[in-house]
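Student: quick one, fold the following:
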Amino acid sequence: QVQLVESGGGLVQAGGSLRLSCAASGRTFSSYAMGWFRQAPGKEREFVAAISRSGYTKYYADSVKGRFTISRDNAKNTVYLQMNSLKPEDTAVYYCAASSRVVSGNKREYDYWGQGTQVTVSS
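Tutor: Purely as a prediction, here's the structure:
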């Protein structure tokens, strides 16, 4: 069982930056691939970024490539999402998730989810 708690969301102007954190409980954090997803009002939850257990492999959605960076610190049981050059279309609730499978952008392959943190980008 893994419990995930996101933090770092907020209101930012377009072009600004935010760093999201996701703290995981338990001693087996390094056994999970981790992902970030987001959901805007009236839309389905979509993939943002994912990172392998070791942190070596990373995937990004095309919409955030070059602007967002995912990283993890297995000693701190934490995964991060650095978001730069934010756009109004990045406004959403951001969720972190843990997968016991190989790193993936498929939300169906994630076993545990956090409660989400709101990110609002004003124009």
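Student: how much space between the nearest residue to S25 once chain neighbours are set aside and Q39?
Tutor: Distances taken as CB to CB, 6 or more residues apart in numbering put Q3 closest to S25, at 4.2 Å, once the chain neighbours are dropped. From N, CA and C alone the C-beta is placed, and that goes for glycine too. For Q3, the distance to Q39 equals 20 Å [CB to CB, to the nearest Å].
Student: which of these two has more neighbours?
Tutor: A count of neighbours by other CB atoms under 10 Å puts Q39 above the other of Q3 and Q39, at 15 against 12.
Student: contacts only, for the more buried one.
Tutor: The contact partners of Q39, by CB atoms under 8 Å, 6 or more residues apart in numbering, come to 45-46, 92-93, 95, 116.
Student: at 7 Å what do you get?
Tutor: 45, 92-93 (CB atoms under 7 Å, 6 or more residues apart in numbering).
Student: most neighbours among those, which one?
Tutor: That'd be A92 among the contacts of Q39, by other CB under 10 Å, with 22 neighbours.
Student: excluding chain neighbours, what is closest to the spatially most central residue of the chain?
Tutor: Nearest residue to the geometric centre of the chain (CA atoms, centre = their mean): W36, 2.3 Å. Leaving aside its sequence neighbours, W36 sits nearest to V48 (CB to CB, 6+ apart; 4.3 Å).
Student: who does the helix or strand harbouring the one you found touch, helix- and strand-wise?
Tutor: Element membership for V48 (DSSP states H and E) is strand 46-51. Judged by 3 or more CB pairs under 7 Å, 6 or more residues apart in numbering; DSSP states H and E, strand 46-51 is in contact with strand 33-39, strand 58-60, strand 68-73.
Student: looking at the ones you listed, which is nearest to T120?
Tutor: strand 33-39 (11.9 Å; CB to CB).
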